[in-house]
Structures are given as structure tokens and as C-alpha cells.
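Q: Pasted the sequence and its predicted model underneath.
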Amino acid sequence: MGVMNRMRNNMKIILLVVIFAFVLTIIFSWGMGGFKGKKGQNLIGKINGTKITTNQYFNALNEQKKKYHEQKGQELSLQEQEQIKDRVWESIINEVLWQNEIAKRELTANGDEIYFYLESNPPEFLRRHEAFQTDGKFDINKYLKAIHNPQGDEWIPVENYARSTIPYIKLNNFITLTVFVNETDAFEEYSYKNTKYNINYLLIPTELSDNDPIEINDKNISKYYEKNKNEKYFIPAKRVIQYKVWDVKPSQEDTTLLMNDIENIKLRYNEGEKFKDLARIFSQGPSADQGGDLEYIEKGQMVPSFEKAAFNAPLNKIVGPIKTRFGYHLILVTDKKIENGTTKLKTSHILLKISPGPNTIDNMLSESRIFSYDAKDLGFPKALIEHSYNADTTIGGFTQTSFFFKKIGYFPYLSRWTFKNEIGTVCDPLQLEGKIIVAQIMEEIPETYKPIDKVKQSIISTLEKDEKKKLTLKLANKFHKEILSNKSDLNLFATENEDVEYFENTNFSLDDPPISFMNNNIFAQVIKAMEIGQISPPIEVYNGYCIVKKINSNVNKTEFEVSKSSEIEQLLREKQTRETNKWQKYLKEESKIKDYRSDYF
């Protein structure tokens with residue numbers, strides 16, 4: 001029963017892993033097809049020899065895009081699409097690594113384990129099923145009754161789900177086997193977050209050393225430059241492109257087609273169709289699912305042109321189209337009332353957005369293709385003259401990690417295309433959210449380093465700052481020695497030394513320390529270890545050094561006793577998660593992973 005108990009205790013930790021297994025295992029079982037990948041094998045990558053097909057990756061990618069779109073309720077930006085591409089790839093890597101480990105350890109699930117798992121941990125998709133709910137909430141008694149009294153083979157799919165899930169739980173149990181949390185660990189963590197401190201401290205600012213003579217010679221500069229050359233002054237290879245951008249905008253034909261749609265909607269309403277039904281069919285606004293219902297509106301809530309049309313509209317008659325920055329609106333007012341002196345209108349609307357139609361896009365693509373052909377035959381500069389076009393150039397070049405382009409915006413594919421092809425290559429038209437681009441790779445700027453004479457002044461400033469820090473620390477140590485020798489009060493010491501600043505801070509936790517000590521681990525360690533009334537040695541802060549006196553600290557042990565169990569459970573989950581992530585990172589570092597996604601994006 002040890003394994004089963006650990007299954008129950010670790011279900012929250014394993015949940016994300018189970019989701020990967022449940023979703024991606026199904027995806028991996030789908031057929032081959034799609035793009036021709038690495039060496040014509042339809043591959044998007046390899047993980048320790050396991051081939052990941054384009055179908056597997058793109059099916060998973062499209063599924064995630066669909067879910068994200070449904071959650072967000074709008075189209076994904078290019079940045080979001082890039083993030084999802086990477087997340088899906090990482091998920092596939094993790095899934096394959098886990099599957100390989102499960103196979104290597106021969107982890108399986110027997111009948112008793114499956115029964116125990118389903119009885120103790122009802123899967124979420126069953127918790128949400130109305131057959132196991134009472135008054136909209138999961139009913140454990142209904143669920144257990146169904147498990148204990150099967151009517152046939154209806155539980156086989158659920159058993160298979162459990163059979164595939166349990167090996168992941170067993171592997172996670174193995175990974176986190178050595179993770180342990182006792183009451184002392186939990187109290188220490190609780191104390192860190194909840195202990196309230198009162199301190200006084202002196203700030204010895206770096207500016208006190210401004211007038212001290214500091215000499216920086218060429219030898220010091222050269223030494224610093226050589227030491228930091230690769231990290232700070234390396235300039236990767238760059239490429240320069242010239243490109244022409246077409247903005248794809250709606251044409252007069254698109255406007256005419258939209259106006260025809262509007263007239264058709266009005267006609268259908270006048271012939272007896274309900275406005276709410278028409279809104280559900282045609283509206284492109286967020287209220288479409290509600291039949292275009294905006295409920296009661298009052299002045300000041302809508303954009304001026306919409307408001308003016310609505311408040312002048314007769315009841316139950318469509319007005320519009322009314323143009324706003326959102327598009328074209330057909331407005332229907334069905335009731336008017338005055339409430340507390342304010343006029344309110346029961347309003348619905350249909351929002352139609354004008355966008356380039358297929359003919360408009362095809363015409364612009366044809367224009368860009370002709371230019372691309374000419375640029376390949378005549379050369380990019382001559383083609384620009386031939387077509388009387390202007391183009392943009394990435395003056396100074398850009399690196400492989402540069403994804404933003406003037407007049408284009410965020411376009412990672414253009415960067416990847418540039419570094420995958422030869423100098424002089426002209427691309428076929430590239431499409432991007434309302435734009436078409438044709439580009440030529442002009443030249444490559446080899447990798448290099450910033451010359452020392454160009455960074456000399458910044459190095460001098462850095463070295464001077466470092467020297468001032470050292471002088472300030474020397475002064476702070478002197479003050480610290482004087483305070484301890486004379487048993488001085490910090491406030492009194494600051495009064496006698498006008499360049500030193502005195503501060504008092506009360507009732508703060510290490511989760512939310514005074515601003516001088518934000519993100520300062522040394523301060524957190526020192527203040528925890530100090531006795532009441534003790535004075536710390538100088539602690540480095542962003543603008544100098546501080547000498548701190550701990551006045552008192554207090555943590556509510558009674559509250560900890562009340563929440564002790566949950567504190568232990570939470571800390572255990574956190575440590576198990578860290579251990580799992582650490583193990584997974586190690587596994588990935590030791591793996592042979594081939595990523596061919598650049599062949600497709």
C-alpha cells in the first residue's frame with residue numbers, strides 16, 4: 001500500500017505530467033503526412049532517436065492555438081504564436097523523455113492499482129460529468145456507486161486512462177522519493193514569509209567617496225576589457241537586407257461587398273427575422289453570442305458616433321451603418337426608460353469589420369510576385385527603379401535574434417529566412433497580418449568585438465564605480481568599528497556624522513523588505529541570523545553600504561499551529577516540484593535532441 005499512498009499524496013504534483021501524457025500520447029498515435037521534413041522523412045525533430053513527425057508537432061500546435069484562442073477570445077499575436085511553438089516543442093521533449101524512462105524502468109499498472117487510483121482520485125473529466133453531480137457539484141457517492149456497480153464495459157476507456165497515468169505517478173514518486181518536509185522545515189518557511197521585523201539602519205552612500213582621488217590606468221582598462229570581452233563586447237554576425245512592404249488594405253470592392261451585406265441584413269430583419277438571430281450569424285463583435293445585446297446604455301458609455309445614432313433612433317427600427325474605429329454598426333433600440341433622471345436605451349447591435357477580400361489579396365500578391373520575379377532577374381535595385389518603388393534597408397545589419405523590422409513589426413520568419421539563405425537571395429512574397437514583403441539579402445557583417453577605444457569611457461566609469469564601492473566599504477567598516485567600540489546609538493551616530501543617513505523600518509517581512517534591501521539575499525540571511533539588539537557588519541546595497549540594528553522580530557506561532565498541516569503540504573509540493581524540474585532538466589541535458597523546426601518556420 002506504500003505505492004498507493006504516495007499516489008494519493010502526489011496527485012497535485014503529477015497533474016501537469018499527466019496532462020502531457022493524456023494529450024500528447026493521443027497526438028502521437030495519429031497518422032503521418034503533411035510537410036516533407038528532414039531528408040524527406042516528415043520529421044520535425046528527434047529526441048534520443050525517437051522521431052517526431054511533422055503531423056505530431058503541427059497537430060499539437062494547432063490544438064494549443066485553438067485552446068489559447070478560445071480562452072483569449074481573439075486572434076493570437078505573432079509573439080504569442082512563437083511562444084506557443086516553443087512551449088509545444090518543450091512539451092513534446094518532456095513527454096518523450098518521460099515515456100523513455102517509464103519504458104526503461106518497466107513501470108506498469110495492475111488491476112488493484114487502477115481500481116485504487118480511480119476510487120481515490122476521480123479524474124477531473126469525470127468530476128465535471130453531469131452523471132456524477134448533484135446540484136451542479138461533484139457527488140462522490142454517485143461516483144463510487146457507479147464504480148462499484150459497473151453495468152458493462154463502460155469503464156474500459158477510463159481504466160485505460162488510469163493505466164497510462166499511473167506509470168507517470170510511479171516515476172514521479174521515484175524522483176521525489178528523498179524529498180521530505182518536517183514541522184521544523186515548514187515553520188522556517190512560514191517564518192520567512194510571516195515574521196515581522198523592526199530595524200534601524202545607517203546608510204553610508206557611495207557619494208561620500210566622490211572627492212577621493214581615483215586613478216584608472218590603461219593597464220587596468222585592458223585587463224577589464226580582456227576579462228569581459230566575450231560577455232560584454234562580442235558582436236555576433238549580422239546581415240543586411242533590403243525589402244519592399246505592401247500594406248494589404250480593403251479595396252473599394254471590399255467596401256461595396258460589405259455594404260451589400262449590410263443591406264441584406266436590414267432586408268432580412270424587415271422581412272421578419274429576429275435581430276438577435278442575425279447578430280449571432282453576422283456580428284463580429286464580442287456580444288455576438290448574446291445576439292448583439294448591449295443591455296441598457298446611457299450617454300457617455302459608447303463612442304460618440306454610436307451614441308448619437310442610438311439616442312436619435314426610433315424604437316424597433318435598424319439605424320446604420322454607423323462607422324466607428326471598431327467597424328460598421330447596425331443599431332437596434334427596443335426600449336427607452338428614465339431611471340434616476342438618466343435616460344437609458346435597451347440596445348443591440350451588429351458589428352461588421354471591413355477587411356481585404358480574396359480578390360484584393362490576390363491582386364496584391366500578383367503585384368508582389370511580379371516584383372519578386374523582376375528583382376531576381378534584374379537585381380533588387382533595378383527592379384525598384386523599374387516599378388517606381390521605395391524600399392527599406394536594415395542599416396547596420398541585424399542578428400539572428402532580431403525579430404523587429406521597420407514598417408513590418410515583429411516577424412521572426414524574416415530573420416530566420418535571412419540567415420538560412422545565401423547573400424543576394426530574393427525571397428518569394430512573404431505574407432504577414434495585413435502585409436506582404438519581398439526582401440533581398442544584401443551583405444553579411446562578420447562577427448567581431450567592440451573596439452576597446454569605443455568602450456574605454458564606459459570601462460573607466462565601471463572601474464571608478466568599483467573603486468568608490470571599495471572606499472565606501474572601507475569607510476563603513478571604520479564606522480562599524482566605532483559604533484561597536486563606543487556602543488553608540490545609530491541615530492545619535494548619524495547626528496554626529498552628517499553625511500550618514502539614518503532610517504527606521506517597522507513591521508516588515510522578508511517577502512516585502514524596505515526598498516534599500518529589495519532582492520538582497522545577504523540582507524535576508526543576516527537579519528534572520530541576528531540576535532535582538534545586535535548590529536550587523538556593513539551590508540552592500542545598490543547605493544552604498546548599510547549598518548543594521550535588529551530591534552525586534554515576531555512571528556505568530558499560534559497561527560502556524562492552526563495552518564501547520566497545510567504549510568507542510570504546500571512546502572512538500574514545492575520541494576517535490578523543484579526536484580522533478582531538476583531531474584527533468586538533467587535528463588534533457590543528457591539527451592540528444594535534434595530540432596528541425598527551422599525547416600518549416
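A: Right, received. Where do you want to start? None of the values given here were measured: they were computed from a predicted structure.

Q: drop to CA atoms for contacts and neighbour counts, all remaining ones
A: Will do.

Q: Helix or strand next in line after the strand or helix carrying Lys65, which one?
A: Using DSSP states H and E, Lys65 maps to helix 54-72. Later in the chain than helix 54-72, the nearest helix or strand by DSSP H and E is helix 78-104.

Q: so how far is that following helix from its chain's centroid?
A: Counting by C-alpha atoms, centre = their mean, to the nearest Å, helix 78-104 is centred 16 Å from the centre of its parent chain.

Q: quick one: Ser591 from Gly152, how far?
A: Taken as C-alpha to C-alpha, to the nearest Å, the spacing of Ser591 relative to Gly152 amounts to 44 Å.

Q: who has more neighbours, these two?
A: Ser591 (14 against 7; other C-alpha atoms under 10 Å).

Q: center of the protein, which residue is that?
A: Nearest to the mean C-alpha position of the chain, counting by C-alpha atoms, centre = their mean, stands Gln83 at 7.1 Å.

Q: what ranges of the stretch 1-150 of the chain fall below the confidence cut-off?
A: 1-41, 72-75 (pLDDT under 70).

Q: mind giving me the domain ranges of this protein?
A: With domains defined by automatic domain parsing, the chain comprises 2-178+591-599, 196-232+453-554, 236-247+369-448, 252-352.

Q: Of the ones you listed, which is nearest Ile361?
A: Distance to Ile361, taken as C-alpha to C-alpha, is lowest for domain 236-247+369-448 among those, at 9.2 Å.

Q: right, so of the domains of the chain, which gets closest to Phe187?
A: domain 196-232+453-554 (13.1 Å).

Q: Could you identify the longest helix within this protein?
A: In the chain, with assignment by DSSP state H, the single longest helix is helix 452-486.

Q: sorry, back to before: and the residue nearest to the centre of the chain, how far from Trp89?
A: Using C-alpha to C-alpha, one gets 10 Å for the distance from Gln83 to Trp89.

Q: Repeat that for Thr195.
A: Taking C-alpha to C-alpha as the measure, Thr195 falls 42 Å from Trp89.

Q: now Ile445
A: Between Ile445 and Trp89 the computed distance is 32 Å (C-alpha to C-alpha).

Q: what do you get for Gln242?
A: Note on Gln242: its distance to Trp89, by C-alpha to C-alpha, is 32 Å.

Q: Let me know the pLDDT of Ser488.
A: pLDDT recorded at Ser488 is 85.

Q: what about it, which SS state?
A: Three-state assignment for Ser488 (DSSP: H, G, I helix; E, B strand; the rest coil): coil.

Q: Find the nearest non-adjacent residue to it, please.
A: Glu482 (7.8 Å; C-alpha to C-alpha, 6 or more residues apart in numbering).

Q: What pLDDT does the model give that neighbour?
A: In this model, Glu482 is scored at 92, pLDDT.

Q: State the number of residues packed around it.
A: Using other C-alpha under 10 Å, Glu482 has 13 neighbouring residues.

Q: Tell me which residues touch the residue nearest to Gly327 when sequence neighbours are not counted, please.
A: For Gly327, ignoring the flanking residues on the chain, the nearest one in space by C-alpha to C-alpha, 6+ apart is Lys353 at 4.6 Å. Counting by C-alpha atoms under 8 Å, 6 or more residues apart in numbering, Lys353 makes contact with Gln284, Phe326, Gly327, Tyr328.

Q: likewise Gly45?
A: Contacts for Gly45 (C-alpha under 8 Å, 6+ apart) come out as Lys51, Ile52, Thr53, Ile593, Lys594, Asp595, Tyr596, Arg597.

Q: Let's see that with 7 Å instead.
A: Gly45 sits next to Lys51, Ile52, Lys594, Asp595, Tyr596 when contact means C-alpha atoms under 7 Å, 6 or more residues apart in numbering.

Q: does the nearest residue to Thr324 once chain neighbours are set aside count as helix, strand or coil?
A: Leaving aside its chain neighbours, Thr324 sits nearest to Ser305 (6.8 Å; criterion: C-alpha to C-alpha, 6+ apart). At Ser305 the chain is in helix, as set by three-state DSSP.

Q: Then Ile322?
A: When classified by three-state DSSP, Ile322 comes out as strand.

Q: Next, count neighbours for it.
A: By the measure other C-alpha under 10 Å, the count of residues near Ile322 is 16.

Q: Residues in a beta bridge with it, which ones?
A: For Ile322, the beta-bridge partners are His329 (DSSP bridges).

Q: rewinding a little: I'd like the domains of the chain laid out as CSV, including distance to Phe560.
A: Output for those, formatted as CSV (distance: least, C-alpha to C-alpha, whole Å):
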stretch, distance to Phe560
domain 2-178+591-599, 22
domain 196-232+453-554, 12
domain 236-247+369-448, 49
domain 252-352, 47
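
Q: Which among those domains is found nearest to Leu572?
A: For the domains of the chain, proximity to Leu572 was assessed by C-alpha to C-alpha; domain 2-178+591-599 is nearest, at 9.5 Å.

Q: Mind jotting down where the helices sit in the stretch 201-350 of the chain?
A: 218-232, 252-270, 275-282, 304-311 (DSSP state H, counting those that start in this stretch).

Q: Give me whichever of those is most buried.
A: Mean neighbours per residue, mean count of other C-alpha atoms under 10 Å, is largest over the helices of the stretch 201-350 of the chain for helix 275-282, with a mean of 19.

Q: the inter-axis angle of that one versus helix 252-270?
A: Helix 275-282 and helix 252-270 meet at an angle of 150 degrees, taking axes from the mean of the first three to the mean of the last three C-alpha atoms, to 10 degrees as the criterion.

Q: that older thread, enumerate the positions of the longest helix of the chain that are buried.
A: Residues of helix 452-486 classed as buried: 456, 459-460, 463-465, 467-469, 471-473, 475-477, 479-480, 483 (neighbour count, 16 or more other C-alpha atoms under 10 Å).

Q: could you point out which element follows that helix?
A: Counting by DSSP H and E, the next helix or strand C-terminal to helix 452-486 is helix 490-496.

Q: Leaving out chain neighbours, which residue sits closest to Ile241?
A: Ile441 (4.5 Å).

Q: So that neighbour lies in a strand, does it not?
A: Yes: the assignment for Ile441 (three-state DSSP) places it in a strand.
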